[in-house]
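Colleague: Quick one, what's the 3D model for this:
(chains A and B)
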Amino acid sequence: MKHIDAPIHVRGESLYVDDVPAPEGMLHAAIFGSPVAHAKIKSLDFSQALALEGCVKIFTHVDISGENQIGAIIEDEPALAIDDLHFIGHPIAVVVARSADIARQAARLCQVEYEVLKPIVHAREAHDKGLFIAPPRTFSIGDVENAWSDCYLIVEGECEIGGQEHLYLETNRTRAIPQDGNKIVLFSSTQSPYAVQKTAAKILGLPEHLVEVDVKRLGGGFGGKEDQATLWACLAALAAHDLKRPVELVLNRVDDMKMTGKRHPYSADFKIGIDKDYKIIAYDCEMFQNSGSAADLSTAVLERSLFHATNSYFIPNAKIYAACCRTNLHPHTAFRGFGGPQAMFVIESAISALAEKLDIDRSEIQHINLLKKGDPLPYGQCAEEDQAGKLWDAAIEGFDYAGRLEKVNAFNKNNFDIKKGLAFMPICFGISFTKTFFNQASALVHIYTDGSVSISTGGIEMGQGVSTNMMHFASRELGISLDRIRVESTNTTRIANMSPSAASATSDLNGNATILACTQIRERLFSFAASQLEGATKDNLELKDGYLFVAGTQSWSWEELVINAYLERIGLSAHGFYATPNVHFDTDEEKGRPFAYHVYGTALTEVTVDCLRGRYDIDWVGITHGLGRPINPVVDLGQIEGGLAQGIGWMTMEELAYNEDGKLTSHALSTYKAPDVFSAPKYDIQMIVDDNPVGPHGSKAVGEPPLMYGIGAFFAIRDAMRAFQKDADPENKSEFAFDAPLTPEKVLMDLHNDTMFAQRTTRDGPGETSLLFLNTKG
Amino acid sequence: MQTTFWLNNTLVSTDESPGMLLLDFVRKNALKGTKEGCKEGDCGACTLLVGDLKDGKLHYDAITSCLMPLGDAHAKHILTVEGLSLKDNLSPVQSAMVKFGGSQCGYCTPGFIMAMSSFFMSEEEPSMDTFKRAISGNLCRCTGYASILRAGEEIIALLKENDKLEQAIERIPALIDLEFLPPYLENMAAKVASIDAQPPTSNTDIFIAGGTDLYVQQGEKIPSLKVEILNRIPELKGFRIEDDNLIVGALTDFEAFGRISHVRKLIPNIDNFLQLIASLPIRNRATLGGNIVNASPIGDMTQILLALNSTLTLTLDGQNRDLAMADFFIDYKKTDLKKGEILKEIRFWLGDDKTRVNFEKVSKRKELDIATVCSGARFELDDTHTIGKAYISLGGVFATPLLLTKTNAFLAGKTICTQTIQESAEILQSEISPISDVRGSKNYKRLLARQLYFAHFTSLFPDIIHFKELLAS
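Modeller: Residues are numbered from 1 along each chain as shown, chains lettered A, B, ... in the order given. Next up, the predicted model:
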């Protein structure tokens, strides 16, 4: 059991876009982007750049012969700026030169004269001004307004939730190579080859069949290359198509961080009420998504926030309002969890606020409200499994919660400077694209006469192991070993109209399509064998261990079966098509059954906070995860551990700091910090196996859900901080903000601001360049 | 000027600019296993091994090739992932990474393999602790590190159970025998030794020491400049003892500094401090002199050397002059260095049994991040509870690295007690003027300055100083 690409990864032999030897005469491109967040262009001057030895041509919007538009859902985003500049880094021109160094140097020599307009950087400000990407939406269940009177305790509060840089180690890149007959081939690091194909065709004014997109693998995606790889591919295509020369565009890290969108920052207000048994009676939540300057995937991300606003809890009366707010930041985009994590953070904050008011353990409220089979969610679908409670109980038992809690309490009693915290984080995450039409996939399976197998699907290998999974499915379907199977690059000429590799659904959709293609071939082979072999009927044949079995008796080898079938002119290729059954959603009613199923799990997180220095360690995370049937345990475990680490990073150290001019000040790895090896907690992951009738071979999607376990880190740190506050200053009843990420700065300021500055000031005092999303409301 | 070195199993002689990045050079030469991730030395995707001759043997260090000038490869052996791989089989390290799923998207993987190789090639006792330190400069965004650490456990077990390795006089041949390394490495030392040293350059635009900050700041400009690679001047390395003073060459890298036994005696916690300062590949390159001359107010090593009350020896055209380190810094990134002058040596007293040294640092990420505030402290005690002299430095709170003159003066002759510390903490606040930036707001930096000041005392005098009492007013 291994990740199929790993043996070549460890030898450094795996080829990414720019590792393939360059075609002769290839040119290199760099982007000239806006220096300001909001402005009107007055004039452009490229004379210095063009005078640079080796600079070939500079493209602007006037060079686009087709349609200057890349918006996938809403057409609100020109590929190259026309009159207005909407964010820092907003692409104005593509500079093409003999080498990448010259192209970047020339890009720095490009000049733009502009009239500055006031930038808007905060979602709440955009919301107040009515600057929306699309009309706000509201989901509701029960009758919230009348339910408040039934509550025993009601609390209100607000959250500020930071975004997150994807930090795929491989930045965005594309190599565009013109072909004869006006065709162009794009080797792109994209999660969505069809989006690239469709958009490049639109920009070049070509029919889609003249654009071929090929993707071997990605050096990480995490959603960052679902929609936002498209632009760079189109710009490389624009230059290559015009110059009739191959052109490569590789963003350097700083440009990638400045120019591409991230996980959406959210602001939110909540009001929640419980009865005396801690049952949640009513929940009212308003989420303000900082969408950035253009729609990108923001409306779809917002929809998933609406779907996940109640996380794993049954809430009979709930009203959830959410709005995509247009600001002058880079257009924010998909990131593992896709709006779900932000919404879950809000409900967990609300529950936390209740528990703190009552001075009880948060888990008491969490546990009693967990979803049971048949409980309706605000969007109409019911919980179809009894997993939430089961996995919670498994965590209580499996991780000896009582013993741990006792140890934590004893530790906190005996230590003043250092405190520990322990927090639960249950998750319930819906699987399927919420845009129902995306829930389709194709696979093309060829069997060659030597018995080796080639599979093409629409799935993109970005480390998540989709190729490995496809091989496992085909291996089981055809009864042959993994080494007889190869998964090809993802190519738009082999698979048409593919959905992006996203929504955790890649393995589900493409796996089911692969199984269907294999099934077709197997049935043809069985019909053929039944006509050739004595005693064989279509029903008593089996493919296993590289052999055909007739009524349990070993017959032809796989190779014999294949060559014999070929000689008898039996088709050895098949195209499988899969569409997820029984998913639908009505956006007028805001009700339906958008998800094929849900993934459940519970995390328990233990942390230690150094209350003198404000530093902390995430010591240990235990997870009980409802896995479905395993496909490849190494791949499955890697997804859980990796997702968790990203979630912890998002909640703790990963801080996108924007200033009031809309400038991202943490725009390089020297200022934006992602978890390193010392940040990794000890993991104890228990994969609870169960059957999933909808998933391929009983499996469940595993890509996104584990990220949200990371939210537990925030609340565990918060608990440790509260333990310190109780110890140091029992009279102090001031509450800490629900303000993520909980950086060491916020920890220390929350703990000691009052003893240092005599009164509680905002973390970032008045009159300073304040960091955005950092307690901006004071 | 020709730069000549062994690149894997090939002798390379090139007239490319010595300021060109080694990363760009190896990729240009069809070695695509080395990846560009950040060009700031923060991700480790471009990690390579540099073999340097010492006493006729090659010693290999992991470095980030995005911060190393090509010219510094002269007369060395540069190993990439291609040069470390065996012809047919996977090495045990590669196998362990495959087995435990330590590689997902694969982009960071070659860098990890290189860092892990420096781990098993080193003479240090293999442990999870040393393994983590070896891969501390490598970011992986896919795995969350758990699978990589499991691979590490297997590698350590393999190394430990192997008697051959334990008994080997020469480690590299033993590792070749065990198929950790390809056979051609055996004769590399002699091959490297036959390359002549290069004379220093004249008429330079820029001096490069370790380059670990210079390339971050000016990486796109340097390749087109005339550079002087200071590492070519052997006199700037090494150390000697004179009158209980350590005199250490400015080109001494952080890692080498931490291994000097006199330093380890003076600063018993040096390993923990170094871990806070930078990743191993950066510590292998970053130099004491570079850190000082760079004059960043948040240079970690600078704070330590300031607190050690160091004296600098500067040299220009053969003329030396000495300067108290605290007087070297004039304004933000401005120093007393004259044009063409070089920092040659750093000198400090090695202390006695009444000397106490501590270092404190807080950054957004606990390890391997640039400090928000950092601080060095050295106390010369009169007796266990009385301070004779105090030297406390503070970084990140002023335009320059700062020795807290008033606070230090106040502490001289005082008994160590809660009240003294509280009073002096007020003085400290009068000496600093932090500004808000991406690393923290000015209020936070003021608070951190107090907390880290407290931390010096709670760390060094845990029996008498308690944070709880310091907080009480």
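
Colleague: Phi, psi for residue A:85 please.
Modeller: phi -110, psi 130 (degrees, to the nearest 10).

Colleague: State the distance from it to residue A:36.
Modeller: 6 Å (Cβ to Cβ, to the nearest Å). Heads up, the C-betas are built off the backbone N, CA and C, glycines and all.

Colleague: Check the contact lists of those two and give me the overlap.
Modeller: Common neighbours of residue A:85 and residue A:36 are listed as residue A:114 (criterion: Cβ atoms under 8 Å, 6 or more residues apart in numbering or on different chains).

Colleague: More neighbours: which of those two?
Modeller: Legend: neighbour count by other Cβ atoms under 10 Å in any protein chain shown for residue A:85 and residue A:36, higher for residue A:85 (28 against 20).

Colleague: who's in contact with the closest residue in space to the more buried one that isn't next to it in sequence?
Modeller: Using Cβ to Cβ, 6 or more residues apart in numbering or on different chains and skipping residues adjacent in sequence, the residue nearest residue A:85 is residue A:34, 4.0 Å away. Neighbour list for residue A:34: A:81, A:85-92, A:112 [criterion: Cβ under 8 Å, 6+ apart].

Colleague: average model confidence for stretch A:595-605?
Modeller: Stretch A:595-605 comes out with an average pLDDT of 98.

Colleague: do stretch A:16-26 as well
Modeller: Here the average pLDDT along stretch A:16-26 is 97.

Colleague: Same check on stretch B:357-374?
Modeller: Confidence for stretch B:357-374, expressed as mean pLDDT, is 94.

Colleague: Any buried residues in that stretch, and which?
Modeller: Going by neighbour count (16 or more other Cβ atoms under 10 Å in any protein chain shown), the buried part of stretch B:357-374 is B:357-374.

Colleague: Kindly report the same for stretch B:270-283.
Modeller: B:270, B:273-283.

Colleague: Angles on the backbone of the residue nearest to residue A:85, please.
Modeller: phi -60, psi 130.

Colleague: May I ask which helix or strand encompasses the residue of the stretch 501-650 of chain A found nearest chain B?
Modeller: Using Cβ to the nearest Cβ, the single residue of the stretch 501-650 of chain A nearest to chain B is residue A:645, 3.0 Å away. According to DSSP states H and E, residue A:645 maps onto helix A:633-651.

Colleague: what does residue A:95 give?
Modeller: Secondary structure (DSSP H and E) places residue A:95 in strand A:91-97.

Colleague: Could you check that strand against chain B for contacts?
Modeller: No - interface with chain B: strand A:91-97 contributes nothing (Cβ under 8 Å from any Cβ of the partner chain), its closest point being 13.8 Å away.

Colleague: List the strands paired with that strand, with their directions.
Modeller: strand A:27-33 (antiparallel), strand A:55-59 (antiparallel) (DSSP bridges).

Colleague: Mind listing what's buried along the last one?
Modeller: Neighbour-count burial for strand A:55-59, counted by 16+ other Cβ under 10 Å, picks out A:55-59.

Colleague: Next, the contact list for the nearest residue to residue B:203 once chain neighbours are set aside, please.
Modeller: Spatial nearest neighbour of residue B:203, excluding adjacent residues (Cβ to Cβ, 6+ apart): residue B:226 at 6.4 Å. Applying Cβ under 8 Å, 6+ apart to residue B:226 gives the contacts B:19, B:201, B:203-206.

Colleague: Buried among those? Make that a PyMOL selection.
Modeller: Applying 16+ other Cβ under 10 Å to those, the buried members can be selected in PyMOL as follows:
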select buried, chain B and resi 19+204
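
Colleague: By pLDDT, give me the weakest of the contacts of residue B:226.
Modeller: residue B:201 (70).

Colleague: So residue B:456, which state does it fall into?
Modeller: Following DSSP: H, G, I helix; E, B strand; the rest coil, the label given to residue B:456 is helix.

Colleague: Kindly report the same for residue B:204.
Modeller: Judged by three-state DSSP, the three-state class of residue B:204 is coil.

Colleague: so what's the residue lying closest to it once chain neighbours are set aside scoring on pLDDT?
Modeller: Nearest non-adjacent residue to residue B:204, counting by Cβ to Cβ, 6+ apart: residue B:228, 3.9 Å away. For residue B:228, the pLDDT comes out at 90.

Colleague: quick one: contacts of the helix or strand harbouring residue B:228?
Modeller: Residue B:228 is located in strand B:227-229, with elements delineated by DSSP H and E. In this structure, residues lying in contact with strand B:227-229 by Cβ under 8 Å, 6+ apart are B:17-19, B:69, B:71-72, B:74, B:200-201, B:204-208.

Colleague: if we go to 10 Å?
Modeller: B:1, B:3, B:17-20, B:68-74, B:198, B:200-209, B:211, B:214, B:342 (Cβ atoms under 10 Å, 6 or more residues apart in numbering or on different chains).

Colleague: In PyMOL, how would I select just the buried ones from the residues you listed?
Modeller: Applying 16+ other Cβ under 10 Å to these, the buried members can be selected in PyMOL as follows:
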select buried, chain B and resi 3+17+18+19+20+68+69+70+71+72+73+74+198+204+207+208+209+211+214+342
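
Colleague: Please spell out which residues along stretch A:361-372 are buried.
Modeller: Applying 16+ other Cβ under 10 Å to stretch A:361-372 flags A:362-363, A:365-367, A:369-371 as buried.

Colleague: Give me the subset of those residues that lies in helices.
Modeller: Mapping the buried residues of stretch A:361-372 onto helices (DSSP state H) picks out A:362-363, A:365-367.

Colleague: Give the full set of residues in contact with the closest residue in space to residue A:375 that isn't next to it in sequence.
Modeller: Distances taken as Cβ to Cβ, 6+ apart place residue A:314 nearest to residue A:375, at 4.0 Å, with adjacent residues excluded. Applying Cβ under 10 Å, 6+ apart to residue A:314 gives the contacts A:141, A:279-280, A:368-372, A:374-377, A:382-383, A:388.

Colleague: Ok, residue B:52 next?
Modeller: By Cβ under 10 Å, 6+ apart, the neighbours of residue B:52 are B:58-61, B:75-77, B:192, B:231, B:284.

Colleague: Tell me, how many residues neighbour residue B:334?
Modeller: Using other Cβ under 10 Å: residue B:334 sits among 11 other residues.

Colleague: Bridge partners for it, pull those for me.
Modeller: Bridge pairing for residue B:334 - DSSP bridges - gives residue B:331.

Colleague: State the distance from the nearest residue to residue A:255 once chain neighbours are set aside to residue A:260.
Modeller: Closest residue in space to residue A:255, ignoring its immediate chain neighbours: residue A:31 at 6.2 Å, by Cβ to Cβ, 6+ apart. Residue A:31 sits 11 Å away from residue A:260, going by Cβ to Cβ.

Colleague: what touches both of the two?
Modeller: A:89, A:231-232, A:251.

Colleague: What strand or helix carries residue B:52?
Modeller: Residue B:52 belongs to strand B:47-54, assigned by DSSP H and E.

Colleague: Check which residues of that strand are buried.
Modeller: Going by neighbour count (16+ other Cβ under 10 Å), the buried part of strand B:47-54 is B:47-51, B:53.

Colleague: How about stretch A:416-429?
Modeller: Quick answer for stretch A:416-429 (16+ other Cβ under 10 Å): A:416-429.

Colleague: Quick check: mean pLDDT of it?
Modeller: In this model, stretch A:416-429 carries a mean pLDDT of 98.

Colleague: Skipping adjacent residues, who's closest to whichever residue of the stretch 251-400 of chain A sits closest to chain B in space?
Modeller: Taking Cβ to the nearest Cβ, chain B has its nearest neighbour within the stretch 251-400 of chain A at residue A:253, 4.6 Å off. Distance criterion Cβ to Cβ, 6+ apart; nearest residue to residue A:253, sequence neighbours excluded, is residue B:38 at 4.6 Å.
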